[in-house]
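Undergrad: Below: sequence and its predicted model.
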Amino acid sequence: MNVAVMGAGAVGSSVLELAAEYGHTVTAMADSSSAVVDPGGLDATTVLDRKNAEGVVGSADPEDALEAEYDVLVEATPTTLGDAEPGFGHLRTALERDRHVVLANKGPVAERYGDVRELEAESEGEVRFEATVGGAIPVLSTIESFGPDQITTVRGVLNGTANFILTRMQNEGLSYEHVLAEAQDLGVAEADPSFDVEGTDAALKFVIVANVLRDGAELTLDDATVEGIHELPASALDLAEEDGQTIRLIGEVTEDGVRVGPRLIPENSALAVSGTQNIVQFETTYAGSLYNSGRGAGGPETATAVFADIGHLE
Amino acid sequence: MSDSAEDVRAYTVRLELVDRPGELLRALEPIAEQGGNLLSIFHERGNLTPRGDIPVEVDLEATPGQFDSIVDALREAGINVIQAGAEQYSDELTIVLVGHLVDTDLSDTLTQIQDATGASVRDFSLSAPEGEEEESSARLRLATQKGRADDVIETIREIADQKALRVVEPLPGGEAV
């Protein structure tokens, strides 16, 4: 398939690099200020070298990438809240041109799910967004294959940064501030970690799960109850450990809605994954609990989910 | 477990007594009279309910038939029976509270939790490694009535909110492996 990539961050770059391996051609790519278009296919090394050296992917306008020839638009610009722009506008343009859209950007499906579905209904194109939840871990496709009605509850750990901080605080008895600084040095946490440690990132993912699970719910971040792990004292983890438990930032989609917060779970619980690992538990009507776990973030990991979605469109 | 009417079981009765001499004795008489075996009395003197009554918790053994007669007799005697039943404390719940626990009167927090939820604090651990002025954590193991855990947590949240404390709750269903 011919693919246009909006966004040249870790995910967009990985999609460009790996497309050929999956048998696809990237015909256009854009970052926030520039674009490069080649109907014959872009050379990944050339584009990414230019991005590194000059901060632009090419000399064209981002609009040119949207108007280029492609079958699938991969939307991998940063997640924004509220109107979810510019990602939502990119999605709209592609659907109005009857093209497919594969999202890595959570904004459109977490904040404007109803609008996305409405545009999709009027288009020949389809919208898929496995990459928005848990990187390479098949979460939405698991719901899709079992059927939303067969899954009663989804819960788990969908933020690697928060899980890394809590794991290390517990294992090493270190303070929140110390581990956060360490995570920032390692690139596990961003300079401004608030999106991760305040639970927003995990909440957006569970809102997306809820939207897929509960047809017509059309939830947004505002509908979720969110509490983070910001400045949790090490003493809380010590007390949990004394009792054979640990504290993890857990998200849940239940009958009561979407909730994210620090929770006590047994140390040997399947949900008590270590480091940056993610895990999702599906409670099913007839098959008990199922667990999918793995790497929930990162360029190649998220690109893997993008290609899984593109595979479904072929 | 056998459910025979002849089986002697442990029960907990929570009473609220009017603060006047002889009330406690008056409340205990029906237990012996109906054939119950008194195990323990937890008399929270100095700790009044909003109506000025004294909360008392009584553990006893009796057959289900005897127990029903005891509760009836207590009520007939005009004694305020708040909760009664073998299942009163059949569920356990552990939470961690985080914040300025000492500055916000920890003892008052625990009393409020017990009074407002009807749960009983079975185990308590405080960790304040940075000193009592700094944020500390406390782990509470609560015995609650069967199926009441959600209500209890909800009430604890309200109490904690007033004191700007964070509540780390357990995850029901998360324990399954």
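TA: Received the coordinates, thanks. Numbering: from 1, shown residues only, chains lettered A, B, ... in the order given.

Undergrad: Identify the residue spatially nearest to the residue of chain A positioned farthest from its centre, adjacent ones excluded.
TA: Note on chain A: the largest C-alpha distance from the chain mean falls to residue A:242, namely 34.2 Å (CA atoms, centre = their mean). Among residues not flanking residue A:242 along the chain, residue B:125 sits closest, at 6.8 Å (CB to CB, 6 or more residues apart in numbering or on different chains). (C-beta placed from N, C-alpha, C; glycine too.)

Undergrad: List of residues touching the lowest-mean-pLDDT helix or strand in chain B?
TA: Every helix and strand of chain B was ranked by mean pLDDT, DSSP states H and E. The lowest is strand B:80-85, at a mean of 76. By CB atoms under 8 Å, 6 or more residues apart in numbering or on different chains, the residues outside strand B:80-85 that reach it are B:11-17, B:53, B:55, B:67, B:71, B:74-75, B:118, B:145.

Undergrad: out of these, which are inside helices?
TA: B:67, B:71, B:74-75 (DSSP state H).

Undergrad: Which of these sits closest to residue A:221?
TA: Using CB to CB, residue B:71 is the member of these that sits closest to residue A:221, with 49.5 Å.

Undergrad: give me every residue that touches the closest one.
TA: With CB under 8 Å, 6+ apart, residue B:71 has these contacts: B:13, B:81, B:84.

Undergrad: just residue A:303 next, same as before
TA: Counting by CB under 8 Å, 6+ apart, residue A:303 has contacts A:11, A:14-15, A:17-18, A:131.

Undergrad: got a winner among those for most neighbours?
TA: residue A:15 (31 neighbours; other CB atoms under 10 Å in any protein chain shown).

Undergrad: re the thing from before, what's near enough to touch the residue nearest to residue A:242?
TA: For residue B:125, the contact set (CB under 8 Å, 6+ apart) comprises A:239, A:242, B:138-139.

Undergrad: Looking at those residues, which one is closest to residue B:26?
TA: The nearest one, if we look at the contacts of residue B:125 relative to residue B:26 and count by CB to CB, is residue B:138, at 37.0 Å.

Undergrad: quick one: what helix or strand has the closest one in it?
TA: Assigned by DSSP states H and E, residue B:138 belongs to strand B:136-144.

Undergrad: circling back to that earlier point, sort out which of the ones in helices among the contacts of strand B:80-85 are buried, if you could.
TA: Neighbour counting by 16 or more other CB atoms under 10 Å in any protein chain shown classes B:67, B:71, B:74 among the ones in helices among the contacts of strand B:80-85 as buried.

Undergrad: the strands in chain A, which residues?
TA: Taking DSSP state E as the criterion, chain A carries its strands at A:2-6, A:25-30, A:35-37, A:72-75, A:100-103, A:127-128, A:151-157, A:225-226, A:245-254, A:257-266, A:277-284, A:289-295.

Undergrad: same deal with chain B?
TA: Assignment of strands within chain B using DSSP E yields the ranges B:9-17, B:37-43, B:54-62, B:80-85, B:91-99, B:120-127, B:136-144, B:166-170.

Undergrad: Nearest to residue A:290, out of the ones you listed?
TA: Nearest to residue A:290, of all the strands of chain B, is strand B:166-170, at 21.6 Å by CB to CB.

Undergrad: strand partners of that closest one, parallel vs antiparallel please.
TA: strand A:257-266 (parallel), strand B:91-99 (antiparallel) (DSSP bridges).

Undergrad: Buried residues in the shortest one, which are they?
TA: Going back to what we said before, that points to strand B:91-99. Result for strand B:91-99 [16+ other CB under 10 Å]: buried residues B:91, B:93-99.

Undergrad: same check, this time on stretch A:43-54
TA: A:44, A:47-48, A:50-51.

Undergrad: Also stretch B:42-55?
TA: For stretch B:42-55, by 16+ other CB under 10 Å, it's B:53-55.

Undergrad: And stretch A:59-66, by the same measure?
TA: For stretch A:59-66, by 16+ other CB under 10 Å, it's A:60, A:62, A:64-66.

Undergrad: Restricting the selection to alpha carbons, write that stretch to CSV.
TA: Presented in CSV, the C-alpha positions along stretch A:59-66 are these (Å, rounded to 0.1, in the frame of the first residue of the first chain):
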residue,chain,number,x,y,z
SER,A,59,11.1,21.5,1.3
ALA,A,60,7.3,21.0,0.6
ASP,A,61,4.5,22.3,2.8
PRO,A,62,2.8,19.9,5.3
GLU,A,63,-0.5,20.4,3.3
ASP,A,64,1.2,18.8,0.3
ALA,A,65,1.7,15.5,2.1
LEU,A,66,-2.0,15.5,2.9
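
Undergrad: List the contacts of that stretch.
TA: A:4-6, A:28-37, A:73, A:90, A:93-94.

Undergrad: same question, stretch A:16-27
TA: A:1-5, A:8, A:15, A:29, A:37-42, A:44, A:47-48, A:68-70, A:300, A:303, A:307, A:310-311.

Undergrad: redo that, cut-off 7 Å
TA: A:1-5, A:29, A:37-39, A:41-42, A:44, A:47-48, A:68-70, A:300, A:303, A:307, A:310 (CB atoms under 7 Å, 6 or more residues apart in numbering or on different chains).

Undergrad: what sits against residue B:62?
TA: B:8, B:11, B:35-37, B:70.

Undergrad: Tell me, how many residues neighbour the residue nearest to residue B:79 when sequence neighbours are not counted?
TA: Spatial nearest neighbour of residue B:79, excluding adjacent residues (CB to CB, 6+ apart): residue B:27 at 5.1 Å. Applying other CB under 10 Å, we find 21 residues neighbouring residue B:27.

Undergrad: shouldn't residue B:27 be in contact with residue B:15?
TA: Yes - with contacts counted by CB atoms under 7 Å, residue B:27 reaches residue B:15, the gap being 5.7 Å.

Undergrad: State the phi and psi torsions of residue A:8.
TA: phi -120, psi 30 (degrees, to the nearest 10).

Undergrad: May I have the residues that are in contact with it?
TA: Going by CB under 7 Å, 6+ apart, the list of residues near residue A:8 reads A:29, A:31, A:51, A:57.

Undergrad: swap the cut-off to 10 Å and go again
TA: If a contact means CB atoms under 10 Å, 6 or more residues apart in numbering or on different chains, then residue A:8 has A:15-16, A:29-32, A:34-36, A:47-48, A:51, A:55-58, A:76-77 as its contacts.

Undergrad: now residue A:157
TA: A:134, A:163, A:166, A:202, A:248-251, A:265, A:271-273, A:276-281, A:293, A:296.

Undergrad: And residue A:35, by the same measure?
TA: For residue A:35, the contact set (CB under 10 Å, 6+ apart) comprises A:4-6, A:8, A:28-29, A:56-68.

Undergrad: next one: residue A:100
TA: By CB under 10 Å, 6+ apart, the contact list for residue A:100 reads A:1, A:3, A:70-74, A:94, A:120, A:123-128, A:309-310, A:312-314.

Undergrad: In ChimeraX, select just the buried ones from these.
TA: ChimeraX command restricting the contacts of residue A:100 to the buried ones, with burial defined by 16+ other CB under 10 Å:
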select /A:1,3,70,71,72,73,74,94,120,123,125,127,128,309,310
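
Undergrad: what subset of the contacts of residue A:100 is also close to chain B?
TA: Subset of the contacts of residue A:100 in contact with chain B: empty, counting by CB under 10 Å from any CB of the partner chain.

Undergrad: What about the contacts of residue A:100, which are in helices?
TA: If you go by DSSP H, these have A:94, A:120, A:309-310, A:312-313 in helices.

Undergrad: what does chain B put close to chain A?
TA: B:93-99, B:123, B:125-130, B:134-141, B:150, B:166-177.

Undergrad: Quick one: buried ones out of the residues you listed?
TA: Among these, those buried by neighbour count (16+ other CB under 10 Å) are B:93-99, B:126-128, B:135-140, B:166-172, B:174.
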